[in-house]
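Student: Got a sequence here, can you build the structure:
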Amino acid sequence: MNSVLQLKGRFESRRANPPNGPSYPKDLMVKDTDFDSLGCQLEGLQSFWRGQPDIGGVLVSVYYKRIIAKSNRILALLTDGRNRPTQTICGAKFDSEGRKHIFTHYVSAASLGMTVGELRQAMEIVRRQFNGRVTLSSVEAIRSGDVRIEGMSKTRFLEILHDVAYVERFGLDSFNEVIEQEAIVSLYKTNIETKQLLARYGITIFDDRILNQTTVKLSVEELRRLKQNAPYLIAMGLTDFRDLAADDIDTTDVGEGSGDSLIPSPRNEPIIGVIDTQFDTSVYFHEWVEYSNELDANIPVEPIDFRHGTGVSSIIVDGPRGNPNLEDGCGRFRVRHFGVAKNRGFSSFAILRMIRDIVSRNTDVKVWNLSLGSVLQINPNFISPEAAELDLIQSEYDVLFVIAGTNVPNGMDGSNMRLGAPADSLNSIVVNSVDFNDRPASYTRVGPVLSFFNKPDVCYYGGDGRTVEDRIVVCDGLGASYVKGTSYAAPWIARKAAYLIHIMGLSREVAKALLIDSAAQWNRGVDMPHMGYGIVPIHIDKVINSEADEIRFVIYGTADEYETHSFNLPVPIVQQAYPFFARATLVYFPHCNRNQGVDYSGAELDIAFGRIEIKKSGNPGIRTINDNWQTEEGHYTTESDARELYRKWDNVKHIGETINPRARPKKILDSEFWGISVKSKSRENDGRRESLPFGIVITLKEMRGVNRFEDFISLCQVRGWLVERLDVRTRLDIYARAEEEIQFE
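Tutor: This next block holds a predicted model:
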């Protein structure tokens, strides 16, 4: 086997070219009546809002004709000279068929009147100067100066024309879901403080029921009143009472004797955080676990409240002892265990407040295991508050959550049952289960989330079937228990993630990318809704090493500008060609905003990897291994295709070639080198760009099975790349020395 390599070198950056003005559909045909229709709809909204309590502005929903690219959202309408339309979006979702965007804006009442006036003005221009209809040739005539717009600036008219071309209608979206229990409710963000806003509708709440600026906990009566008087304020809502996705447990006490004979005392092993039910301090590995009961002292706990959490921690500390078939080579881990729940039910709202406090108090813990989940399905149009909070915490504290994919509850039809919160967390590693025959477990639930994002990320062995041989063995305080569930698949991945981060010294971005890439392998066809990118290999060696005919390397970088690239990557050449199949996995942790609905992720990184060729402009470019042309000049890709084919806005990009025995080596194009390019986009059009770390894993597989590992290292060193082998023994020595206590005399 070959070691995974870590490459460090110089990356170049460049800023994006300024836009050349609005873009239009190729079949552009806008009539004067289109302007009139939109104006009438806004006048109707003006009348409606005059009869409503003051919320400091008005809410307006924009219904587009299709799934819309960021550049094709409204540019001029609903503006009042102070805020751009992108700054006033407070919600986004798809229509019932998932084919069109619906954006909700919070704007001033004055902007409605201004927009109506400009629509009427533009309508008269279309009637007077274009005989009632505008086409793409009309736009070209305006831009060239052959036609001069009278009564409005050319720029403003073209922007309004752009908006009318893409907008189907204006309206007001209202919450109409049936919730008959206490619920967590998210409101559209306004300029009115939450308690004051709700008070205008006769609802009084206190700080202990406010999660953040827009998320509150309401009783059944309070929610009924809000739905009756102001359904337009509710962006999303869900029932607060959650059950653990129950795992089947068959218990056999094997009477293993004293803990001293089973496990040594801990030393300086890495720590993994566990947020779960309670922990039984009588188990043989209790020395390895720091336990804190986070429940109120007045809440009674029963023996059953300790079993789930104790079983999860037993896998993290000493999982291979009871499961020698799952020996992963990662060793043992210490656990910092926080009991936040009882076994049968708990308040999501309370746990959300606990998790942030727990992570903020334990910043030395970089990997957290969360094997709690909801029996309820996620909503395809918005992220759960649990997932949103976890994504925010990961962004703020540079940590990684490993989350169980949740199970189909006993007695329920699980066919295509969607994942339960918080398994819709984008930045976390979400883990589903397979049985020991590598098939999706019988209790497995499915993705994607937000109608688009690939979840789960990976899958692992979580036990299934009725015999003990088909189950996972845990120690839950009553002896050895034979269990099944995604709860018991996730801790195995948490072990591997902690090994990569703490022992191998990798960033969370690279660690997540390595796990996903090792699961994906070469030939696709995996059942992604159930299994994600695939099954992570059992032994860590399969993650941090590659086959003898493969060259596998990782790159960690930061996207500071529109493009971060290197056109200087040497790939071994044999007989004037490259005898390699190639694949790449990109992972990044974008800042997320739940108020943006289906446009939840705030940043996009797109990867291009392949041979260098000279473009028509005369500049070097990349012939990508996945034929990704969406950002190239002269190529047009619809937003739907960009999302479907190239995973636009997804925070995991896995691109690769399928191994074909009849494939021929790739010819050299305009350079002997290959290139890597990462292009960054933001949801905002305000010109600001935040630095966004990313991790890339690239694998080259020799077509004829030849080992060209050393050749690659030599070529990289000649070209100025710093090449480091991820050697386990060296890393273990480094970790041990770093954790030594230094005594000063």
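
Student: Surely Ile55 touches Leu197?
Tutor: Yes. With contact defined as CB atoms under 8 Å, Ile55 reaches Leu197; the gap is 6.5 Å. For glycine as for every other residue, the C-beta is placed from the backbone atoms N, C-alpha and C.

Student: So Tyr460, which state does it fall into?
Tutor: Recorded secondary structure, Tyr460: strand (DSSP: H, G, I helix; E, B strand; the rest coil).

Student: right, and it touches Ile493 too?
Tutor: Yes. Look at Tyr460 against Ile493 with CB under 8 Å: they come within range, at 5.7 Å.

Student: hey, what's in contact with both of those two?
Tutor: Residues touching both Tyr460 and Ile493 (CB atoms under 8 Å, 6 or more residues apart in numbering): Val431, Val536.

Student: Determine how far the last residue of stretch 187-201 lies from the first.
Tutor: 13 Å (CA to CA, to the nearest Å).

Student: That stretch: which residues count as buried?
Tutor: Neighbour counts over stretch 187-201 (16 or more other CB atoms under 10 Å) mark Leu187, Tyr188, Lys189, Thr190, Ile192, Thr194, Leu197, Leu198 as buried.

Student: so who does the third one touch?
Tutor: When contacts are counted by CB under 8 Å, 6+ apart, Lys189 is found next to Cys90, Tyr106, Gln213, Thr214, Asn595.

Student: Distance of the third one relative to Cys90?
Tutor: Think Gln213. 11 Å (CB to CB, to the nearest Å).

Student: Comparing those two, which shows the higher neighbour count?
Tutor: Cys90 (20 against 13; other CB atoms under 10 Å).

Student: Double-check that one against Gly597; I have them as touching.
Tutor: No. Contact criterion CB under 8 Å: Cys90 and Gly597 do not qualify, at 9.0 Å.

Student: can you list residues touching both of the two?
Tutor: The contact sets of Cys90 and Gly597 overlap at Ala235 (CB under 8 Å, 6+ apart).

Student: Can you tell me the SS state at Leu7?
Tutor: At Leu7 the chain is in strand, as set by three-state DSSP.

Student: got the contact list for the residue positioned nearest the centre of the chain?
Tutor: Note on the chain: the residue nearest the mean C-alpha position is Leu426, at 2.3 Å, using CA atoms, centre = their mean. Residues near Leu426 by CB under 8 Å, 6+ apart: Ile383, Ala387, Asp391, Val449, Phe453, Lys455, Pro590, Cys592, Tyr600, Ser601, Asn651.

Student: where do the contact lists of Ile55 and Leu197 overlap?
Tutor: Thr190, Leu233.

Student: His530 and Thr444 touch, don't they?
Tutor: Yes. In terms of CB under 8 Å, His530 counts as a neighbour of Thr444; the distance is 5.1 Å.

Student: what about the strands in the stretch 51-200 of the chain?
Tutor: 58-64, 89-94, 101-107, 133-135, 167-171, 183-187 (DSSP state E, counting those that start in this stretch).

Student: Any chance of these in TSV with mean pLDDT as columns?
Tutor: What follows is the strands of the stretch 51-200 of the chain, written out as TSV (pLDDT from 0 to 100):
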stretch	mean pLDDT
strand 58-64	96
strand 89-94	87
strand 101-107	93
strand 133-135	95
strand 167-171	96
strand 183-187	88
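
Student: looking at the ones you listed, which is closest to Gly557?
Tutor: strand 89-94 (29.5 Å; CB to CB).
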